[in-house]
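Chemist: Sequence and predicted structure are below.
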Amino acid sequence: MRYEDINPAYDPLFENITTEQLHVIGVYAPETKLYISLNDGRRISVMTDIGGLFEYDFESLSVGDVITFSVKNGTAYEAFLEEKIRE
């Protein structure tokens with residue numbers, strides 16, 4: 001379940017990402033390469049499946065970390081979600 005201040009109509013994630021919940025699961029466009037970066041670090045690519053589902057596991061997170069989800073448009077990366085770790 002997501003935080004109450006997040007509008008589920010525009011949220012691709014199914015659960016909050018926390019220091020205890022390191023598994024990310026969400027949905028985006030089918031068969032799309034997404035890029036995930038932690039605190040503006042190196043991007044990691046993740047493919048969505050035929051239904052648009054994507055998953056990723058972080059090794060560790062700290063309160064205040066920012067995870068950016070983006071897609072590549074030409075040579076530019078366009079962020080579609082920034083998730084700040086709250087707990």
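Modeler: Everything's here; your move. The shown structure was predicted, so the numbers you read here are calculated from the model rather than taken from an experiment.
Chemist: Pick out the residue nearest the middle of this protein.
Modeler: Phe69 (4.6 Å; C-alpha atoms, centre = their mean).
Chemist: Tell me who's in contact with the closest residue to it other than its chain neighbours.
Modeler: What sits nearest to Phe69 in space, not counting adjacent residues and going by C-beta to C-beta, 6 or more residues apart in numbering, is Leu81, at 4.3 Å. (Each C-beta comes from the backbone N, C-alpha and C, glycine too.) By C-beta atoms under 8 Å, 6 or more residues apart in numbering, the residues touching Leu81 are 11-13, 68-69.
Chemist: Let me know the closest of those residues to Val46.
Modeler: Phe69 (9.0 Å; C-beta to C-beta).
Chemist: Can you show me the CA trace of the strand or helix carrying the closest one as PDB?
Modeler: Assigned by DSSP states H and E, Phe69 belongs to strand 66-73. The C-alpha coordinates for strand 66-73 follow below in PDB (Å, rounded to 0.1, in the frame of the first residue of the first chain):
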ATOM      1  CA  VAL A  66      16.000   9.500  -3.800                       C
ATOM      2  CA  ILE A  67      15.200   6.900  -6.500                       C
ATOM      3  CA  THR A  68      14.600   8.200 -10.000                       C
ATOM      4  CA  PHE A  69      12.700   6.200 -12.600                       C
ATOM      5  CA  SER A  70      13.200   7.400 -16.200                       C
ATOM      6  CA  VAL A  71      13.000   6.400 -19.800                       C
ATOM      7  CA  LYS A  72      15.300   7.300 -22.600                       C
ATOM      8  CA  ASN A  73      13.900   9.600 -25.300                       C
END
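Chemist: C-terminal to it, what's the next element?
Modeler: That would be, after strand 66-73 and using DSSP H and E, strand 76-84.
Chemist: Run the chain-centre distance for stretch 13-24.
Modeler: From the chain centre to the centre of stretch 13-24 is a distance of 9 Å (C-alpha atoms, centre = their mean, to the nearest Å).
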